[in-house]
Each structure stands twice: as C-alpha cells, then as structure tokens.
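Turn this into a structure:
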Amino acid sequence: MTDSSTHPLRLSTQHSGTDWLLIAGLVLLVLPLRLWLLYNTEVTARDSIGYIRYALHFEEKSWTESVRENQQHPGYPLMVLAMSQPIRALDGATTPENMVLATQLVSLLASLVLIMPMYWLGRQAFDRPVSFWATLLYQYLPVSAQHLSDGVSEPTYLVFLVSGLLFLARAVRAYRLTDCALCGFFTGLAYLTRPEGLLILPAFGATILAMQFRAPWRCSRLRFVACGATVVLVACAVGSPYAWAVRGLTNKPAGRDLIRNATGHQASTAPGQHHLFAITFPKSDSKVVNLARGVWALTMEVVQGFHYGAAIFLPLGLWWSRRSLVQNPAAWALGAYLAGHALILVGLAMTVGYISDRHVMILVLCGSFFVVAGMRELPRRFLAWRSRTQLSTGPLVWWRSAPVWFAVLLAVLIGACLPRTTQRLHGNRAGNHHAGQWLRAHLEQGDVVYDDHCWSHFFAGLVFQEGKDVPIPRDAQPTCYVVSTRARDPKMDEARQAGNGIANARLVYAWPEGVAPAKARVLVYARPRNQKDHAWRPVP
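Okay, here's the model as predicted:
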C-alpha cells in the first residue's frame, strides 16, 4: 500500500475537491454501462414481478394489509411506486412495460448514488486510487453489474447499507453523535429494504464495547451510552412502522426460519423459496457436514462474485493491508459487520440449503478494496524483489513501473469481465417475453394464464387484474392458457411437461416462431377454463 495507507486515521479527513471530481468521474464511467443494460433488457428478474405487485398493493390496501400480505420488506416497492407515478401519468395507463421501467430506473439511480458512499467508505482505510478503482471495479464485475441494473431490491439496499457502514466507521473513530444518528438512520432504511440491514447494530455495539478496552480508543461512559442510545433509537424510530405492522422483525420465510432454528424450532422446508442463481445442496443430518457445505457455498459465491480471477488478489490485499487495518477502529467495525453477515449466510445455508449470489454482494463490495490494494501492491513488490536480485544500470522503462503494471492488470481484469457484464439482461427469457405479448393480444375477458415462470403471465397484463372480480357472462367459456418453458435437461423437461396439465390442451403458440414444436423453447397451450382449477362467478 502507499504511504498514506499507513496512516488510516488521517484518511477520513482528507476530503477535498479532488474527491468530488473523482466521484463525478466514476459517475461518467458507470452511466454508459447502466444505460446500455437498461436498453438491453429482455425481461427483469422474476422477483421484480413480486415487487411490482407489492408496489401496487399500496394503492389498493392499507399499510398494514400490504406489508402483512407480502414477504419482502417495503422499502424498494415504495420507491418503485413513487418512480412509477410520473411514468404512468405520461403513458396514461399502467402497463407491464412502464412498471418494469420504473423498477429499473430505481435501480439505475441507486447504482449511481451507491458510488458516493462506497468511495467514502474506502477512504476510511485506503487512499484515493484504491477507493476510486475499487468502486469502478465493483460496478463492472458481471454479477454486481447485472444485479445493479435489474428490477431487484439490492441496489437500493446497498445504498442504505453502505451509507450506514460509512457512518458506522466514522462514528467509531470520533464518537460524534451526528455520525451515530446518521448510522442509525441509514440502518433503519436498510432494514426497511432487507432484514439483514439490522446487522449494523450488533456490529456497532460490539465494536465500541471492545474499544473501551484499549486506551487510545476509549471514550467516557456518558459518550459511550449516548452514542449507543442514539444509533439504536434512531434505527428503531425509522424501522418500527414495519416491525409493528408485521408483529416481528421480518415476514421473510428465510428470516423466520433462522429465528426458529436459533430458538430450537424446526425450520420450514416449503419449496419455491430459493433464488434462481444460487448454490443449493441437500441438507444432511450432520451439522458438521451442513456447516462445511455452507462455508463452501459461501466461498464459491464470493469467488464467483469476483468473476473468479479477481479473487486471487483478495488474500494478497488482506495480508499486505493488515498492519494499517489493525490500527484503524473503522476497519474493526466493518470487520465485525462482515463477520456477522458471513455467519448469518452460513446459518442460512445450514437452515434452508442455499446461498444466492445476491446475498454476498456486500462481501464482494467490501472485498473489492482489498482486490485493488493487492493488485496495486503486487507489481511494486515484484519489481522491488527483482531490483534486489538483478543489477540494473539501464534507464527506467515502462516495464519497470509498478503503476503501469497495475493499470495493465486492472485493464485485463475489466476487459475479461466486459463480455459477461454487458450481456443482455435475462436474454434467455426472450421466449417468455414474446409469449406474454402474444397472450396479451389474444386474451379475452375471463381468460387465465398458468405460467410457472411468471413472465408470460405478467407481460400478458394479468398481474394488474389479480384480486379483482372480473365479470364473465353466464354463457361464456373462458380459456386457460398454459405456458410451458422447455428445460435443457431431457428428464427435467419430461417431468415439467407432465406436471403442466397439457394432456388435453391444444398448442396455440410456439417460440421461436416458425420452428417445429419439438424444437421450440416456449410453448403455449389452450384448454377450456374450468371451475375446479380456476373458479369464477358467472353474471347474468
């Protein structure tokens, strides 16, 4: 690390116009990627359909009814609802397309705002170059780049979480009540978006308590109590409307399972709760085996988050930064949070048997600083070693410059990421998108769509009719459309086709259009709607 990195307590005060220029430069470098992915989106994540449904509930139901009937926390759906208001006003209607646009615009703005707290968080322990390049790298890593442009809660959550961690780091260094209040405020906002946002509170408590055992970091008892009370009270004030409404900390099944498991109750094993992009494994009767599998799943998700190659520099950066970090209370606070987050993820894996790539985004974010630090330090150490082992009397040339080799390594890494980073968002779901648009053009009043992947049902516009009593004439015979997405695995495809209830249905649409049904990726079948499966109330 550079000389400035050996004085971590001085770094957080070195904010100047240069820092703001660097942040502006990061926005200019990231904005084209965000616009590219916004334009090159086939469909958003399946979770976005649930968030859209959740957002619209706030227009039809009370706060308490809305949050109790949905598993997710309300922060992101509320922002989607707010973003959709001007978009729908301009369009004059609520459509699948403008609601999807609202989810992505929230994420786009959040991904750009995230640049600022992430950069300042890096400045708590590293110098400007490390903070700048780590922030840029994180935005361009494939997993984080795709999620930061998707219609999911992670971009919004990361803005609140990283802001909370930033003020956590500042609070433990100076014990300022303003920083403590802001830490509690963003902790509450993070909790309103995802339940694990509350992990900032135990990290803060454990850190300031441990700091009282070291004289240089100690504060008065009054200041200790004031700081702790400020963080907790502000966080509770912000997050309490949700906790009060659901009569608990969370409505999420995974969160409830963790609480039940910690209190000795059996966790639920309800299907359908796993993320699509996750490492899953069967649970064993042995806790040791489950623990080993959980640690392995967590490790592999983090490595994948760094696009594999970048993970090589992570342990190097950690090792070479260790001396400056142990003297920095902010580093201890962040370490406490990350350790708690990792333990929760391992517990989640042991409880429900999976870890998603979205779960480790904050680990990858914080690890990006160490990746860049290791990448920056490696050429310097290697060239220093060569200068000791080989006598060089020639002039200094580019291949003997550590900054040049750092630039080469970083360029190679980002270049290797770009093909995956710039991929069309969920391009493999084009068939479901086209099937939904075909259905929207052919649906009649009372028709229903059964789609185990949800996208066709959504783009047909039926999400906006859920819970509404659609009048159907007594003599009408509505249709039930069944959307079947073919699996690449023949056995899985056979099982999926058998479970879709299409034995007596007729094929009405296949995608890609013009190919034989046996080679089609998405098939749409039609059969009469019946009262047993999809009941309705005929009207005269």
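
any idea how far Ala169 lies from Ala292?
In this structure, Ala169 and Ala292 are 33 Å apart, going by CB to CB, to the nearest Å. In short, each C-beta sits where N, CA and C put it, glycine included.

what do you get for Pro155?
With CB to CB as the criterion, Pro155 and Ala292 are 32 Å apart.

give me every residue that touches the residue positioned nearest the centre of the chain.
Nearest residue to the geometric centre of the chain (CA atoms, centre = their mean): Glu154, 3.1 Å. If you count contacts by CB atoms under 8 Å, 6 or more residues apart in numbering, Glu154 has them with His147, Leu148, Arg358, Met361.

helix, strand or coil for the closest residue to the second one other than its chain neighbours?
Think Leu148. Excluding the flanking residues, the one nearest Leu148 by CB to CB, 6 or more residues apart in numbering is Ser111, at 4.0 Å. What DSSP: H, G, I helix; E, B strand; the rest coil gives for Ser111 is helix.

How many neighbouring residues does Ser111 have?
25 (other CB atoms under 10 Å).

Go ahead and confirm it touches Pro155.
Yes: the pair Ser111 and Pro155 passes the contact test of CB atoms under 8 Å, sitting 5.0 Å apart.

Check the contact lists of the two and give me the overlap.
Leu148.

Report the contact partners of the residue nearest to Leu148.
Contact analysis of Ser111 by CB under 8 Å, 6+ apart lists Val30, Arg34, Gln139, Leu148, Ser149, Pro155.

From Thr422, how far off is the first one?
Counting by CB to CB, the separation of Val30 from Thr422 is 13 Å.

Can you give me the buried ones in stretch 340-360?
In terms of neighbour count (16 or more other CB atoms under 10 Å), stretch 340-360 has its buried residues at 340-342, 344-360.

Counting by contacts, list what the host helix or strand of Thr230 packs against.
Taking DSSP states H and E as the criterion, Thr230 maps to helix 221-246. Under the contact criterion of 3 or more CB pairs under 8 Å, 6 or more residues apart in numbering; DSSP states H and E, helix 221-246 touches helix 63-68, helix 177-193, helix 200-211.

what's the most buried one of those?
Greatest average neighbour count among these goes to helix 177-193 (a mean of 24), per mean count of other CB atoms under 10 Å.

circling back to that earlier point, so which of Val30 and Thr422 has more stuff around it?
Legend: neighbour count by other CB under 10 Å for Val30 and Thr422, higher for Val30 (22 against 16).

Now the phi/psi pair for Leu507, please.
With angles defined as degrees, to the nearest 10, Leu507 sits at phi -80, psi 130.

Run through the bridge partners of it.
When assigned by DSSP bridges, Leu507 has beta-bridge partners Tyr525.

if we can go back for a sec, who's more crowded, Ala169 and Ala292?
Counted by other CB under 10 Å, Ala169 and Ala292 do not tie: Ala169 has more neighbours, with 26 against 14.

you'd agree that one is up against Ala330?
Yes: contact status for Ala169 versus Ala330: in contact at 3.6 Å, counting by CB under 8 Å.

Among the contacts of Glu154, which pair sits farthest apart?
Leu148 and Arg358 (10.8 Å; CB to CB).

could you point out which element follows the longest helix belonging to the chain?
Longest among the helix segments of the chain by residue count, using DSSP state H, is helix 361-389. Next along the chain after helix 361-389, taking DSSP H and E as the criterion, comes helix 402-421.

contacts for that next one?
If you take CB under 8 Å, 6+ apart as the criterion, helix 402-421 is touched by 33, 133, 136-137, 140-142, 145-146, 307, 309-310, 372, 375-376, 378-380, 382-383, 398-399.

what's the model's confidence in that helix, averaged?
In this model, helix 402-421 has an average pLDDT of 95.

again with stretch 372-384
On average, stretch 372-384 scores 93.

and what of stretch 246-264?
For stretch 246-264, mean pLDDT is 66.

Listing request: residues of the stretch 51-200 of the chain with sub-threshold pLDDT.
Residues of the stretch 51-200 of the chain meeting the criterion pLDDT under 70: none.

List the buried residues for stretch 422-440?
Those would be 422, 425-426, 429-440, for stretch 422-440 by 16+ other CB under 10 Å.

Check which helices and strands the host helix or strand of Val143 sits against.
Secondary structure assigned from DSSP H and E places Val143 in helix 142-148. In this structure, helix 142-148 makes packing contacts with helix 17-39, helix 96-122, helix 128-140, helix 154-174, helix 287-305, helix 361-389, helix 402-421, judged by 3+ CB pairs under 8 Å, 6+ apart.

Give me the distance between the third one and the centre of its chain.
Distance of helix 128-140 from its chain centroid, counting by CA atoms, centre = their mean, to the nearest Å, is 18 Å.

Likewise for the last one?
Helix 402-421 has its average C-alpha position 24 Å from the chain's average C-alpha position, going by CA atoms, centre = their mean.

Hey, what's the angle from it to helix 17-39? Just curious.
20 degrees (axes from the mean of the first three to the mean of the last three CA atoms, to 10 degrees).

the domain parsing of the protein - what is it?
The record, using automatic domain parsing to delimit domains, assigns the chain the ranges 3-372, 427-539.

picking that back up, how much distance is there from the longest helix of the chain to the middle of the chain?
Using CA atoms, centre = their mean, the offset of helix 361-389 from its chain centre is 26 Å.

One more: stretch 233-243?
On CA atoms, centre = their mean, the centre of stretch 233-243 falls 22 Å from the chain's centre.

Name the residues of the longest helix of the chain that are buried.
Counting neighbours by 16+ other CB under 10 Å, helix 361-389 gives 361-380 as buried.

I am assuming Ala297 contacts Ile355, so please confirm or correct that.
Yes: Ala297 is in contact with Ile355 according to CB under 8 Å; the separation is 4.5 Å.
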